[in-house]
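In: just the structure for this:
(2 chains)
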Amino acid sequence: MSEFISNFPILAIMSLFLGAFITSLLGRKNAVVRNVIVFISMALALIMMLALIKPVFIEGKVIGYWLGNWAPVADWAIGIGLEVDALSLFFGLIITVAVFVSGTYSFTYMSHDDSLVNYYTLFLMLSGSVLGLVLSGDLFNMFVMIEIMTFTAVALTAFRNTYEGALEGALKYLVVGALGSSSVLIGTALIYSQLHTLNLAQITALLTNDQNIVTGIAFAFLFIGFGTKAFLFPFHPLAADAHAVAPASISLMISGVLTKCGVYGIIRLVYCLYQNIDRPFVQYLVTAFGAVSMFICVTMAFNQHNFKRLLAFHSISQVGYVITAVGLGTSLGLASGLYHAMNHTIFKGLLFLTAGAVQHMTGSLDLDELGGLSKKMPRTCILFLIGAASISGLPPFNGFGSKWMIYQAAFEKSSQTGNVFFLVVCVTALITSVLTLASFVKVAQSVFFGQLNPKFENTKEVPLAMRIPMWILAILCIVTGIFPGSVANKLLMPAVNAATNTRAYVSAMMGEAYAAAHQVVHAGAADVQLIGVYSPMSWMLLLLSITSAVCLVAVLGSPEKKKLEPVVGANVPNGPMTPGSIPVTSQSREADERELITDDLDPKYESFFSGEHAEYSQVGGSDLFWGFKKNWRHYFSFMHEWHSGILNDYALYGACSLALTLLLCVLFL
Amino acid sequence: MTNVLLYAVHLFLFPGLLFIVVMGLLLAGIDRKLVARMQNRVGASILQPWYDFLKCCGKETIIPRHARKGLFLGAPVACFVILISAALFIPVFGGLSMSFEGDVVVILYLLTAAGVAIIVGSAASGSPFAGVGLSREMVAMISYELPFVLVLLAVGALCGQDSAYGVTFSMDEIVRWQTENGSSLLHPAMIPAAIAMLFVIPCEIGMHPFDIAEAETEISEGTLTEYSGAPLGVFKLCHCVKMYVMTALFCALFLGGLSTGILLVDALLEVVFCIIVTFLCMTVPHAICARFKVEQVFKFYWTFVSALALISLLLVWIMR
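Out: Below you'll find the model as predicted:
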């Protein structure tokens, strides 16, 4: 069985890629056949990843697989290898779950579009390539997967090419994405020229004691390359342009899955390949990139008018949290980063799907135009609120658990090193969180609450087939939030140990003797100590008992009076009196009579204003926080100029950041 | 069995539900009376908040046609419950065992969550006035959050300096350090942070000079525009409870460790200190200031108050 299970990684990747080809061959005629093929290949990949949990997470094995049985000859790895340790599997699980949810959502969500065979073919290829990237044990193979991932993602971004800006967004993504891919390629080539191998395990072993200036330059190229894939600052404008036009299911993939590949690449790079996370320079570099992305993107999100564009900026902001935490270099930092990476996929996926639901039913994503949908789409509204509470980090949802760990990690790090830089990072993270909350209040107010735009009078709730994937994510939000202890023990700690224990990683592929010969460090199991106290279960118990007590008091406290009065205008016109209910007052009777007279659309009787139609004054989404924006107007106008929307500028920022990182790496690494 | 009973007593009597509500209403009453005296008025009775609450509960609850009923009615209850649970994480004088274990970040986020409950409730009412009110509430929240966070970090850095990690978030740890080394207010580095905290408290509660979200004369009570009857009463009660939560938090952060060991005396001390803090940070500004504008509040908190808190944080960092 254990022999057979080592085939699972390649089978999971194959099932997605084969699914793509079979879909394009057989799915042209019949939509049902096509959907069944897609569903089966997604489910197979998910099941195989789940089956790997037992050997990898629980038994702590590292599964190696040589394609075509090209095992190393005389300690040189010449074949392509797959290597699955707990870190890879952690990301593999995130990816397959997200792919599964996104795919099942697509079945209904994409039903209005045509040439869906192309959509599903590209979708499965994208899924296969991201899975291949995290399971790969070979640097060049990672590059190939990055290329497939970038091009399929670009094609899918422009899938609805009738949308305004779809092609533009895709083109930007293509060009700057290619910059990132080339950067990875150059890094790979430099490493190959120095070490004559592409196998990750062997590179790890060779780099342990032998790093020179060329490998330092390769580090800069690889770091920026993976940073591009995670859309870190200064590559974040692309994500916004791509997300705003892509279908919501693809936005989920880009934000929840593609950015995670960048995160995975960076973790693999600094913890495993170069093992240089202990050096202060690398910590500053990674943390600074993360913290800047985190803050700039949340302020950018503040000003957006497009629902998905706003979510896109938040997506980068949250990835910034992850990278910040990863860059701290402590076990707690890495654990909290991984936890937040997982949570980000869950809650941001949920938010993108609710955005997709709104778009599907109303055809609009404009925050200034939408409004009052909570009456029309009550279930979507609840799902959105769950997602918004999670991303804003309100207890007991999962966002709180991971952010709380990140604050602790940063605060603890600042105390250990006595460095004010990490203190600033900690404060930035806390402030970013409240700004995140503010912009989700804005979305809630301008999409789901406030006044209904008469244009959307006939909006209906989304079909059940679209709500089920959303509920899956919403339930995951709550479950991973309430049981952070189990999540940490079962998922995070194995992944953290795998990332730091390079000895096991090398020996699994190259043999124990090889690892020993190159003095690869053997790290013990990480020990994570928290400086704070938060146990969601006991808090929930507390909350529950207080709630029940309050409800009890409320019920007992009003014996002769019903708790809920007859609702004005809610179809309870002076009905028969039940014993014990109070007589309807003259006021509410008057209101009821007026209710009978009014026509819903007659502006004369609009509830809030004196009756002039011109005074229909939904406070537009972008005007909500002027008290805050006025004070920051200089900053915002600078940002406005800076995010020019011109591709040349964005490519230039990318090139500049690459040049700067190169310079720093040459100087300090 | 005794454990369950003790748990219930702590939860519902002392320092739980009953004590918190009574304290909140008491502080609100005293604040009103003192403001009136300072403005040379007679003022209402100290029991006035009780009367207000009970009267609200006896009134009819009107739910506007545009409101989302479940959220509209659920929000006040959620706000109240979250506040009570936040209060239970704050240690009463010397009474570590009576409170539940928690840390400052959890308290911070629970207070935020209570604010969000108000925001969701007012958003669910569908009124444009509430829309303006909630946006102001959010701006106020952004305003005080930065200095608040800095104050909490400063206290965490001071009180955690002897622990293994050099910093702490744990409320227990903070009080224990103060028991051993004297109140943190006596530490010279903490005086600016204490002043900053005194400014944070009225904005967090939405007291007069900073009550931009509920400005009666401008936006007709903003977030509470559409509320009436019992839900309004619960929101008013939340307001009072918040007064206790914030003053008790101040006492725990800056005046912890003054325990005498006798429960009754400790509780009385807590009451006295809460009243003093209320007077300093709420009554005085209320009596002498007119309401700030929205953008003024933001600017004030992100420059002046944050600078005070930051000075403390840096001083703690340098002096350790």
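In: strands along the stretch 251-400 of chain A, start to end?
Out: Taking DSSP state E, counting those that start in this stretch, the stretch 251-400 of chain A contains no strands at all.
In: which residues of it lie near chain B?
Out: A:372, A:374-375, A:378, A:381, A:385, A:389, A:392-395, A:400 (CB under 8 Å from any CB of the partner chain). From N, CA and C alone the C-beta is placed, and that goes for glycine too.
In: mind checking which of those land in helices?
Out: Judged by DSSP state H, helices contain the following of these: A:378, A:381, A:385, A:389, A:400.
In: ok so, going back, can you lay out the residues of the stretch 251-400 of chain A next to chain B as a markdown table showing neighbour count and pLDDT?
Out: Output for those, formatted as a markdown table (neighbours: other CB atoms under 10 Å in any protein chain shown; pLDDT from 0 to 100):
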| residue | neighbour count | pLDDT |
| --- | --- | --- |
| A:Gly372 | 22 | 74 |
| A:Ser374 | 26 | 78 |
| A:Lys375 | 18 | 77 |
| A:Pro378 | 15 | 83 |
| A:Cys381 | 23 | 87 |
| A:Leu385 | 20 | 89 |
| A:Ala389 | 25 | 89 |
| A:Ser392 | 26 | 87 |
| A:Gly393 | 32 | 84 |
| A:Leu394 | 23 | 84 |
| A:Pro395 | 26 | 81 |
| A:Phe400 | 27 | 87 |
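In: what packs against the helix or strand where A:Ala201 lies?
Out: Using DSSP states H and E, the element containing A:Ala201 is helix A:200-207. Secondary-structure packing of helix A:200-207 (3 or more CB pairs under 8 Å, 6 or more residues apart in numbering or on different chains; DSSP states H and E): strand A:81-84, helix A:166-195, helix A:502-510.
In: could you export whatever helix or strand comes next after the last one as CSV, CA atoms only?
Out: Scanning the chain past helix A:502-510 towards its C-terminal end, the next helix or strand to appear is helix A:512-517 (assignment: DSSP H and E). Provided in CSV are the C-alpha atoms of helix A:512-517 (Å, rounded to 0.1, in the frame of the first residue of the first chain):
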residue,chain,number,x,y,z
GLU,A,512,20.4,9.6,4.1
ALA,A,513,24.1,9.2,3.3
TYR,A,514,24.0,12.0,0.8
ALA,A,515,22.4,14.4,3.2
ALA,A,516,24.9,13.5,5.9
ALA,A,517,27.8,14.0,3.6
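In: tell me the first helix or strand C-terminal of helix A:512-517.
Out: In N-to-C order, the element after helix A:512-517 by DSSP H and E is helix A:536-557.
In: could I get the buried residue list for the one helix or strand A:Val479 maps to?
Out: Using DSSP H and E, A:Val479 maps to helix A:464-482. Residues A:466-467, A:469-470, A:472-474, A:476-478, A:480-482 are the ones in helix A:464-482 that count as buried (16 or more other CB atoms under 10 Å in any protein chain shown).
In: what angle separates that helix from helix A:536-557?
Out: 110 degrees (axes from the mean of the first three to the mean of the last three CA atoms, to 10 degrees).
In: so can I have CSV of the buried residues of helix A:464-482 showing distance to chain B?
Out: Output for the buried residues of helix A:464-482, formatted as CSV (distance: CB to the nearest CB, whole Å):
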residue, distance to chain B
A:Met466, 21
A:Arg467, 18
A:Pro469, 24
A:Met470, 18
A:Ile472, 23
A:Leu473, 20
A:Ala474, 16
A:Leu476, 20
A:Cys477, 15
A:Ile478, 15
A:Thr480, 17
A:Gly481, 12
A:Ile482, 14
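In: nearest to B:His239, of the residues of the stretch 251-400 of chain A next to chain B?
Out: A:Leu394 (20.2 Å; CB to CB).
In: ok, B:Glu173 to chain A distance?
Out: 8 Å (CB to the nearest CB, to the nearest Å).
In: same check, this time on B:Val9
Out: For B:Val9, the distance to chain A - CB to the nearest CB - is 12 Å.
In: host element of that residue?
Out: helix B:2-12.
In: pLDDT weak spots in the stretch 101-250 of chain B?
Out: B:101 (pLDDT under 70).
In: and the residues of the stretch 251-400 of chain A next to chain B, which is closest to B:Leu268?
Out: The closest of those to B:Leu268 turns out to be A:Pro395 (CB to CB; 32.2 Å).
In: contact partners for that closest one?
Out: Neighbour list for A:Pro395: A:481, A:534, A:536, A:539, B:106, B:109-110, B:113 [criterion: CB atoms under 8 Å, 6 or more residues apart in numbering or on different chains].
In: the residues you listed: which two are farthest apart?
Out: The distance between the two most remote of the contacts of A:Pro395 (CB to CB) is 14.2 Å, for A:Gly481 and B:Leu110.
In: longest helix in the chain, please.
Out: Since you didn't name a chain, this refers to chain A. helix A:331-362.
In: that was the other one, I meant chain B.
Out: Max-length helix for chain B by DSSP H is helix B:128-159.
In: packing partners for the helix or strand following that one?
Out: Next helix or strand after helix B:128-159 toward the C-terminus (DSSP H and E): helix B:171-181. Where contact means 3+ CB pairs under 8 Å, 6+ apart, helix B:171-181 is packed against helix B:104-124, helix B:128-159, helix B:229-254.
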